[in-house]
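A.B. asks: What shape does this take:
(2 chains)
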Protein chains: 2
Amino acid sequence: MDHATIALIERRISANVFDTSHTLADDEIEELVRLATRAPSAYNLQNWRFIAVRAAASKARLRSLAYGQAKVSDAAVTFIICGQLPDYTTLSQRLQPFVDAGHMPAATASGWQEDARTRYADPQKARDEAVRSATLGAATLIYAAEAKGLVSSPMIGFDAEGVALQFRLERNEVPVMLVPVGRPAPGNWPQKPRRPLSEVLHLS
Amino acid sequence: MDHATIALIERRISANVFDTSHTLADDEIEELVRLATRAPSAYNLQNWRFIAVRAAASKARLRSLAYGQAKVSDAAVTFIICGQLPDYTTLSQRLQPFVDAGHMPAATASGWQEDARTRYADPQKARDEAVRSATLGAATLIYAAEAKGLVSSPMIGFDAEGVALQFRLERNEVPVMLVPVGRPAPGNWPQKPRRPLSEVLHLS
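C.D. replies: Numbers count the residues shown, from 1 in each chain, chains lettered A, B, ... in the order given. Next up, the predicted model:
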């Protein structure tokens, strides 16, 4: 039993107030994203991209696209977490090292690619996957940040089209979440109340 | 620095092979879901529901809806993680304990509800939120299970309409992921290879 992780999950809050004097070095940002990409994804697609907004001018642009919310520029870094509409043709490359290492038969990798081709021909399924994979990455980033003594704040309140344009997202990329990460300043809310378990769990 | 959580994120695998002799008691399942619902959600909507499939007959039905994949019935429990299309009218109730405790001004709660009303009038935004919230809950469940010495396996390969019908999902519910949870048996793959950081991270 890993009590530290249980306690971390229980105590995590979404922060609104950040220490504006705190910065993160690029290698610390890279380490957070390296951990975030340990997240699972369908077929191991890894259909995500992380834009780490940490320069003052970039933060100011992003803050303006997030209706002026201060945490976007107050935090050491704000990640734009993008999901990519799955491109099944990338799969053989992404699974090849696993095949080469002798873990996965080549036929399994081909089968996954064919399965992905069929599935994501449906645009709603492709979009769902972009949102799902990016969110798995975002959640892992949030817990990695918490483990490093930082706080975070998943945000959906931003102009997605403006972000796509100003931060040069590719046509197949969806900005799924903003996640400011940094040190907290005084004044944050405690964890918000949760619904009773009886409302959200059914045993079958 | 919480080294245990970092190590947990780094070592997690998606399991395919489970110990079929292992079961989880209902209170252990409840504890996993209690932890999963510590996840963040937009406006604290908590627009998720967890169906814990642990009885043999229920597992058999779900396995058949997941193209016969053995892990669905081999694992101690398989969660159907549902996202709910957000209903803005629920927000005042979900935020009320926070207002009553003096943390959030009543006007802020009303503002959030009005903001949610406008946002989710767009059906694509409502669906995105169902997928995003359920995935945040699923990721937190996955890390909670790992912290308890268990393994998990997020799955998207299932008949969503069949699951909705046979497990009596509400009309506003989307089955976003299946997550078998249990003890591993020998024969699982190691963690699959990850894309180089240079492909997935941009510093701005």
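A.B. asks: use CA for all of it now, contacts and neighbours both
C.D. replies: Fine.
A.B. asks: pLDDT-wise, which helix or strand of chain A ranks last?
C.D. replies: helix A:91-100 (a mean of 93; mean pLDDT, DSSP states H and E).
A.B. asks: packing partners for it?
C.D. replies: For helix A:91-100, the packing partners by 3 or more Cα pairs under 8 Å, 6 or more residues apart in numbering or on different chains; DSSP states H and E come out as helix A:106-119.
A.B. asks: for the record, mean pLDDT for the helix it packs on?
C.D. replies: If you average the pLDDT over helix A:106-119, you get 96.
A.B. asks: which residues in chain A form helices?
C.D. replies: A:3-11, A:26-36, A:56-65, A:71-74, A:91-100, A:106-119, A:123-147, A:160-166, A:197-200 (DSSP state H).
A.B. asks: Check those for me and report the most buried one.
C.D. replies: Greatest average neighbour count among the helices of chain A goes to helix A:71-74 (a mean of 27), per mean count of other Cα atoms under 10 Å in any protein chain shown.
A.B. asks: give me phi/psi at the nearest residue to residue A:74 once chain neighbours are set aside?
C.D. replies: Nearest non-adjacent residue to residue A:74, counting by Cα to Cα, 6 or more residues apart in numbering or on different chains: residue A:20, 4.9 Å away. Dihedral pair for residue A:20: phi -70, psi -10, per degrees, to the nearest 10.
A.B. asks: quick one on the thing from earlier: how big is the angle separating the least confident helix or strand of chain A from helix A:106-119?
C.D. replies: On the basis of axes from the mean of the first three to the mean of the last three Cα atoms, to 10 degrees, helix A:91-100 is oriented at 160 degrees to helix A:106-119.
A.B. asks: Can you give the contact residues for helix A:91-100?
C.D. replies: With Cα atoms under 8 Å, 6 or more residues apart in numbering or on different chains as the contact definition, helix A:91-100 has outside contacts at A:43-45, A:104-106, A:109-110, A:112-113, B:192-195.
A.B. asks: which residue is nearest the middle of chain A?
C.D. replies: The C-alpha lying nearest the average C-alpha coordinate of chain A belongs to residue A:138 (Cα atoms, centre = their mean; 2.1 Å).
A.B. asks: From what I see, it and residue A:36 are in contact.
C.D. replies: Yes - at 6.8 Å, residue A:138 counts as touching residue A:36 under the criterion of Cα atoms under 8 Å.
A.B. asks: residues contacting the closest residue to residue A:154 other than its chain neighbours?
C.D. replies: Excluding the flanking residues, the one nearest residue A:154 by Cα to Cα, 6+ apart is residue A:179, at 4.6 Å. Contact analysis of residue A:179 by Cα under 8 Å, 6+ apart lists A:78, A:79, A:80, A:81, A:138, A:142, A:152, A:153, A:154, A:155.
A.B. asks: These in strands, which ones?
C.D. replies: A:78, A:79, A:80, A:81, A:152 (DSSP state E).
A.B. asks: neighbours around the residue lying closest to the last one once chain neighbours are set aside, how many?
C.D. replies: Put plainly, it is residue A:152. Leaving aside its sequence neighbours, residue A:152 sits nearest to residue A:181 (Cα to Cα, 6+ apart; 4.4 Å). Residues within reach of residue A:181, counting by other Cα atoms under 10 Å in any protein chain shown, total 29.
A.B. asks: Can you spell out which residues form a bridge with residue A:181?
C.D. replies: residue A:77, residue A:152 (DSSP bridges).
A.B. asks: could you measure it against chain B, distance?
C.D. replies: Using Cα to the nearest Cα, to the nearest Å, residue A:181 is found at 14 Å from chain B.
A.B. asks: give me every residue that touches that residue.
C.D. replies: Residue A:181 neighbours (Cα under 8 Å, 6+ apart): A:75, A:76, A:77, A:78, A:79, A:145, A:150, A:151, A:152, A:153.
A.B. asks: 10 Å instead, please
C.D. replies: Contact analysis of residue A:181 by Cα atoms under 10 Å, 6 or more residues apart in numbering or on different chains lists A:15, A:18, A:23-24, A:29, A:32, A:71-72, A:74-79, A:141-142, A:145-146, A:150-154.
A.B. asks: Same question for residue A:45.
C.D. replies: Residue A:45 neighbours (Cα under 10 Å, 6+ apart): A:84, A:86-88, A:90-95, A:113, A:116, A:129, A:133, B:194-195.
A.B. asks: change it to 7 Å
C.D. replies: Residues in contact with residue A:45 (Cα atoms under 7 Å, 6 or more residues apart in numbering or on different chains) are residue A:91.
A.B. asks: and it, how far is that from residue A:131?
C.D. replies: 13 Å (Cα to Cα, to the nearest Å).
A.B. asks: For my notes, please list the helices of chain A in TSV and give distance to residue B:10 for each entry.
C.D. replies: Output for the helices of chain A, formatted as TSV (distance: least, Cα to Cα, whole Å):
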stretch	distance to residue B:10
helix A:3-11	13
helix A:26-36	7
helix A:56-65	30
helix A:71-74	28
helix A:91-100	17
helix A:106-119	23
helix A:123-147	10
helix A:160-166	30
helix A:197-200	30
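A.B. asks: Looking at those helices, spot the one closest to residue B:200.
C.D. replies: Each of the helices of chain A was scored for nearness to residue B:200 using Cα to Cα, and the closest is helix A:26-36 (8.6 Å).
A.B. asks: The closest one packs against which elements?
C.D. replies: For helix A:26-36, the packing partners by 3 or more Cα pairs under 7 Å, 6 or more residues apart in numbering or on different chains; DSSP states H and E come out as helix A:123-147.
A.B. asks: Do me a favour and average the pLDDT over the helix it packs on.
C.D. replies: On average, helix A:123-147 scores 98.
A.B. asks: do the same with stretch A:28-48
C.D. replies: On average, stretch A:28-48 scores 98.
A.B. asks: Convert the C-alpha atoms of it to PDB, please.
C.D. replies: Output in PDB follows, covering the C-alpha atoms of stretch A:28-48 (Å, rounded to 0.1, in the frame of the first residue of the first chain):
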ATOM      1  CA  GLU A  28      11.900  20.900 -14.700                       C
ATOM      2  CA  ILE A  29       9.100  21.500 -17.200                       C
ATOM      3  CA  GLU A  30      10.500  18.700 -19.400                       C
ATOM      4  CA  GLU A  31      10.500  16.300 -16.400                       C
ATOM      5  CA  LEU A  32       6.800  17.000 -15.800                       C
ATOM      6  CA  VAL A  33       5.900  16.300 -19.400                       C
ATOM      7  CA  ARG A  34       8.100  13.200 -19.400                       C
ATOM      8  CA  LEU A  35       6.100  11.900 -16.500                       C
ATOM      9  CA  ALA A  36       2.800  13.000 -18.000                       C
ATOM     10  CA  THR A  37       3.500  10.900 -21.100                       C
ATOM     11  CA  ARG A  38       3.700   7.800 -18.900                       C
ATOM     12  CA  ALA A  39      -0.100   8.000 -19.100                       C
ATOM     13  CA  PRO A  40      -1.900   5.200 -21.000                       C
ATOM     14  CA  SER A  41      -3.500   5.900 -24.400                       C
ATOM     15  CA  ALA A  42      -5.600   3.800 -26.700                       C
ATOM     16  CA  TYR A  43      -3.400   1.500 -28.800                       C
ATOM     17  CA  ASN A  44      -0.400   3.400 -27.300                       C
ATOM     18  CA  LEU A  45      -1.300   6.200 -29.800                       C
ATOM     19  CA  GLN A  46       0.100   8.900 -27.600                       C
ATOM     20  CA  ASN A  47      -2.000  11.300 -29.600                       C
ATOM     21  CA  TRP A  48      -1.100  14.300 -27.400                       C
END
